[in-house]
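Visitor: quick one: sequence plus predicted model below, questions after.
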Amino acid sequence: MTRIGFAGLGRMGFTMASRFVDAGYKVTGWNRTTAKAQPLAALGALLAVTPNELASQSDVVISMLGDDRSVLELFTGAKGLLSAEVSGKLFIDMTTVRPDTTRAVATAAVARGACFIDAPVSGTVGPAKAGQLLALVGASQVDLTRARPFLDVLCRRIVHAGPVGQGALLKYAVNLPLAIYWQALAEACALAVRGGLDLKLVLETIADSSAALAVLKLKIPAILGEPGPVAFDVASMQKDVLGMLETGSRLGVSMPAASAALGTYAAAAGDTLANEDAVAIVRFLEQRLCRDLKDS
């Protein structure tokens with residue numbers, strides 16, 4: 001049986017790694033914060049002390065981290081994955097990062113004789129638990145064929161976007177409308193509330209209209225500030241939008257709506273909402289716009 005290594009055991013990483021344990025694979029996990037690795041160990045997985053050790057004990061290593069810097073350190077740091085003997089091993093990075101970051105890591109992995117694909121996913125903890133993620137893959141056809149059985153444990157569908165880095169680019173294209181949608185929804189709510197409408201009524205009406213995302217009805221409690229599980233937080237969305245804008249700048253693509261959204265996510269993160277669900281920006285911006293109008 002193929003030995004699976006899993007790096008990054010936060011909300012998403014733990015949920016994904018546990019599917020491999022349930023599927024009968026021998027799983028070894030690693031997380032920068034050791035305490036977050038303990039729930040996976042409780043399911044019967046082994047734990048590695050360093051990424052180097054994780055790579056040595058695994059045939060396939062899957063990573064799900066928070067940002068570009070973490071991915072670079074995981075692979076190329078002093079005790080990183082690529083400091084081990086990795087010839088012939090397969091690395092699948094499922095983190096949402098800049099295409100340039102993915103390509104740089106892939107170049108380093110290939111130079112060490114390993115195979116590397118990028119496979120960021122669309123979907124949060126719920127779909128991850130059910131194995132219903134959508135994988136957006138950048139890889140050669142040969143490497144994708146090798147990786148497919150492992151992606152199938154996690155995903156309902158695999159989209160082959162092209163060579164390494166194209167999966168990362170497609171993920172940005174998928175996430176960009178969502179980031180802007182919450183910004184637009186906040187402005188709509190501010191308009192309605194300022195005119196005397198009830199916020200909950202507005203949200204429920206939009207959720208039942210052609211202007212709704214499929215997930216909007218489920219997100220109304222979070223928008224209204226009710227406690228609940230966080231699927232994808234404000235800080236992560238801020239990080240993604242910044243990456244989208246920097247990638248767009250390199251490609252010569254102007255994105256004014258994304259620029260406006262970035263300002264909102266950054267302001268919300270700085271206003272203690274960084275760890276709340278990304279939809280908290282709807283409440284944040286609606287309240288701020290109404291307050292600004294009231295003060296003017």
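Guide: The structure has been received and is ready for your questions.
Visitor: all strands for the stretch 51-200 of the chain, in order.
Guide: Listed from the start of the chain, the stretch 51-200 of the chain has strands (DSSP state E, counting those that start in this stretch) covering 60-63, 90-93, 115-118, 121-122, 133-138, 155-162.
Visitor: between these, which gets nearest to A41?
Guide: Go through the strands of the stretch 51-200 of the chain one by one with CB to CB and the one that ends up closest to A41 is strand 60-63, at 17.0 Å. For the C-beta atoms, the positions are set from N, CA and C on the backbone; glycine is no exception.
Visitor: how far off centre is that closest one?
Guide: Taking the mean C-alpha point of strand 60-63 and that of its whole chain, the gap between them comes to 16 Å (CA atoms, centre = their mean, to the nearest Å).
Visitor: contact partners of that strand?
Guide: 2-8, 16-17, 54-55, 71, 74, 81, 89-95, 147, 150 (CB atoms under 8 Å, 6 or more residues apart in numbering).
Visitor: now do stretch 239-248, average pLDDT.
Guide: Averaging the model's pLDDT scores along stretch 239-248 yields 96.
Visitor: likewise stretch 179-197?
Guide: Confidence over stretch 179-197, taken as the mean pLDDT, stands at 91.
Visitor: got the strands of the stretch 51-200 of the chain as a markdown table, with mean neighbour count columns?
Guide: Listed next are those as a markdown table, based on neighbours: other CB atoms under 10 Å:
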| stretch | mean neighbour count |
| --- | --- |
| strand 60-63 | 24 |
| strand 90-93 | 26 |
| strand 115-118 | 27 |
| strand 121-122 | 22 |
| strand 133-138 | 26 |
| strand 155-162 | 17 |
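Visitor: flag the shaky bits of the protein, pLDDT-wise.
Guide: Counting by pLDDT under 70, the chain shows low-confidence ranges at 290-296.
Visitor: would you mark the buried spots in the longest helix that it contains?
Guide: Counting by DSSP state H, the longest helix found in the chain is helix 166-194. Residues of helix 166-194 classed as buried by neighbour count (16 or more other CB atoms under 10 Å): 166-172, 174-176, 178-186, 188-190, 192-193.
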